[in-house]
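Novice: Take this sequence and fold it.
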Amino acid sequence: MKIQANEKFYEITNNTTAFGIRDSIKPEADIVILNGFIIKEDYTLNDGDKLSFIKRGEIPTEQELESLLVSRHTPGVHENVKKATVGIAGLGGLGSNIAISLARIGIGKLLLIDFDVVEPSNLNRQQYFIKHIGMHKTDALKDLIKEINPFVEIETKNIYLDKSNIVESFKDVDVIVEAFDNPICKAELVTTTLNMLKDKPIVAASGLAGYFSNNLIQTKKIRDNFYLVGDDISEAKPGSGLMAPRVAIAANHQANMVLRILLGEREI
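Specialist: Below you'll find the model as predicted:
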């Protein structure tokens, strides 16, 4: 049988156990992950099993780091997302949360597009720090992602997206994410994508302001290649602002829908 441990392949005999492999190649490890799940009791290995061994507090080598970053994933996920490119339009509350979630799952490449800079009022819901105030959001988010997962390839564009440049910007991505605040920009991106980039799935959002129930936010499949997240009602307006909890809920609905699409799951 052949198994994988910390990204190296090993030939093993029947009845070899996870703890036995740990004791032979990294006995100091105090975390043993088998096929994405931490095990506390020993386990007899099967052909194709994947093991990761981690010693708490130890900084891994660069060669080990990427495999350990994704060691808790469901088997088969990383191999698929690593070759994918996702384009995100707008890097505010939605876009910054989505980009970081996708970086944490080891997406291969992110195309990040926004023309704006980080300002203090963004910090109530967007994934930036005080040190980023005044920076382009593209640069600030690239800085953050490099601290989380340096193996994600990042391309940035500091441009205002409109129908004159949407097709050229997103023609090479696998999935498009609409993450604007402005409803006019949202509509223009979705309409242009559905009409001009018909083979590209787009995941958009509408209705996530305020502190209404979590459970009103849903992911809906509007038509082939068009998914919409939100409660369809709660637009941002005087008396109903955008705040971190609901924005993050909607953003991660979008991120999970992107993941499902990349893994071949087209239904909600």
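Novice: which strands and helices sit next to the helix or strand bottoming out on mean pLDDT in the chain?
Specialist: Least confident element among the helices and strands of the chain, by mean pLDDT, DSSP states H and E: helix 62-69 (a mean of 81). Counting contacts by 3 or more C-beta pairs under 8 Å, 6 or more residues apart in numbering; DSSP states H and E, helix 62-69 is packed against strand 50-54. For the C-beta atoms, the positions are set from N, CA and C on the backbone; glycine is no exception.
Novice: buried set for the least confident helix or strand of the chain?
Specialist: For helix 62-69, a neighbour-count test (16 or more other C-beta atoms under 10 Å) marks E64, E66, S67, L68, L69 as buried.
Novice: can you give me the mean pLDDT across stretch 140-147?
Specialist: The predicted model assigns stretch 140-147 a mean pLDDT of 97.
Novice: secondary structure class for the spatially closest residue to L208 that is not a sequence neighbour?
Specialist: Residue nearest to L208 in three dimensions, not counting chain neighbours: A250, with 4.0 Å by C-beta to C-beta, 6 or more residues apart in numbering. For A250, the assignment made with DSSP: H, G, I helix; E, B strand; the rest coil gives helix.
Novice: how much space between A250 and V229?
Specialist: 5 Å (C-beta to C-beta, to the nearest Å).
Novice: joint contacts of the two?
Specialist: Contact criterion C-beta atoms under 8 Å, 6 or more residues apart in numbering; residues shared by A250 and V229: A205, L208, I217.
Novice: Using a markdown table, please lay out those together with neighbour count and pLDDT.
Specialist: Listed next are these as a markdown table, based on neighbours: other C-beta atoms under 10 Å; pLDDT from 0 to 100:
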| residue | neighbour count | pLDDT |
| --- | --- | --- |
| A205 | 27 | 97 |
| L208 | 28 | 93 |
| I217 | 20 | 97 |
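Novice: Closest one of these to N46?
Specialist: I217 (39.7 Å; C-beta to C-beta).
Novice: For that closest one, give me its contacts.
Specialist: Taking C-beta under 8 Å, 6+ apart, one finds G207, L208, V229, G230, D231, R246, I249, A250, H253 in contact with I217.
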